[in-house]
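**Q** pasting the structure only:
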C-alpha cells in the first residue's frame, strides 16, 4: 500500500523523513474473547530505514469519550507485546475540539509515577486534505480514507467518497477490505455512512469484505420485503378491497418477514384492509 509524503508528514520527527512510502495492512487481533472485544479500526505495519519496523494503530473517534484513552493504552500495549514491535497510535477525529482533546498526553498512572504516557498522532479536518480526484485518492488510499472520515460533515462528502470508491476499483482485496471497513467504521452514525454503503454496494460489488457482504445481505432482505409487500397489495387489489394510504404505507414500510407472511395469509380472507392487522 503506497503512502504519499502528505501522509508521512503527519508523523513527528525523526519518523517523518525515515518512513518508507509503503505500508502493509494487518488484521487487528482480538486479545481476549470477552464481551468488550477491544479492537482498533485499522492496523498497519510501517518500515523505517533508520528505525526499523513499527505498527500504526488507527482509531476513529466521533465524539468525546473519557474512557477511550484507557482503551487505547491497553491496545497499544497489547500490540507491542504480541508483535514485539514499537506501536504508534493515530486518532482520527471530525472536529477541532475533539482533536485538541485527543492531542493531549494522557498518563496511565498517578501524577508522581505516570508509568505509561499516551501521545497519539491526530488526524482531523485541520490537517487533512479534501480529496475529490480518484487519481489522487489512488496515490494514497490510507490518506484518502482518512480525508473522507475527517471531512464527513462537509458539503462535498459525496464527491470525496465517490473518489475513494472509484480509486479502490481493481485494488487487491487484502488492501481494499481494510480500507472499506475502516471508512465505514470511521463515518460512524453520520449520514455520509449511508452514502458510503451505497457506493460499496454498487462500485465495489465484486469485493467480499465483511461490510460488502453485510450491505448485500441487507439489500437482499429489503428486496424480499418489498416483493412481499407488493404481493399483499396485489391480493387486496384483485379482491377489489380499498387500501387507504396509511395502510399502504404500513405494509410497504414493514421489513419483518414473519409479520409480512402473517399479513399475506390474512389478505386472502380479510373483509377489509384494516382486518389484515388483526391478531397482532
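**A** Yes, it's here. No experiment lies behind these values; they were computed from the predicted model shown.

**Q** Every contact and neighbour count from this point should use C-alpha atoms.
**A** OK.

**Q** which secondary element of this structure has the worst mean pLDDT?
**A** The weakest-scoring helix or strand in the chain, judged by mean pLDDT, DSSP states H and E, is helix 15-18 (a mean of 40).

**Q** Quick check: next helix or strand after the helix or strand residue 59 falls within?
**A** For residue 59, the host element (DSSP states H and E) is strand 52-60. Once the chain leaves strand 52-60, the next helix or strand it forms, by DSSP H and E, is helix 68-83.

**Q** Now do that following helix: distance to the chain's middle.
**A** Taking C-alpha atoms, centre = their mean, to the nearest Å, one finds helix 68-83 lying 21 Å from the centre of the chain it belongs to.

**Q** Any stretches of the stretch 101-250 of the chain with poor pLDDT?
**A** 202-221 (pLDDT under 70).

**Q** how about a cut-off of 50?
**A** 206 (pLDDT under 50).

**Q** how about the strands in it?
**A** Taking DSSP state E, counting those that start in this stretch, the strands of the stretch 101-250 of the chain run over residues 106-107, 117-118, 121-123.

**Q** For the first one, which strands pair with it and how are they oriented?
**A** Spelled out, it's strand 106-107. strand 117-118 (antiparallel) (DSSP bridges).

**Q** List the contacts of the partner strand.
**A** Strand 117-118 is contacted from outside by 69, 73, 105-108, using C-alpha atoms under 8 Å, 6 or more residues apart in numbering.

**Q** Out of those, the closest to residue 273 would be?
**A** Ranked by distance to residue 273 (C-alpha to C-alpha), the contacts of strand 117-118 are led by residue 69 at 55.7 Å.

**Q** gap between that closest one and residue 271?
**A** Separation of residue 69 from residue 271 (C-alpha to C-alpha, to the nearest Å): 62 Å.

**Q** so where do the helices sit in the stretch 151-280 of the chain?
**A** Secondary structure of the stretch 151-280 of the chain (DSSP state H, counting those that start in this stretch): helices located at 157-167, 173-187, 192-203, 210-238, 245-252, 257-269.

**Q** which other helices and strands contact the fifth one?
**A** Taking 3 or more C-alpha pairs under 8 Å, 6 or more residues apart in numbering; DSSP states H and E as contact, the helices and strands that helix 245-252 lies on are helix 210-238.

**Q** and if you look at the third one?
**A** Using 3+ C-alpha pairs under 8 Å, 6+ apart as the contact test, the elements touching helix 192-203 are helix 157-167, helix 173-187, helix 210-238.

**Q** try 6 Å
**A** The contact analysis (3 or more C-alpha pairs under 6 Å, 6 or more residues apart in numbering; DSSP states H and E) places helix 192-203 against no helix or strand.

**Q** with the contacts of strand 117-118 in mind, which one is nearest to residue 151?
**A** Distances from residue 151 to the contacts of strand 117-118, taken by C-alpha to C-alpha, are shortest for residue 69, at 23.0 Å.
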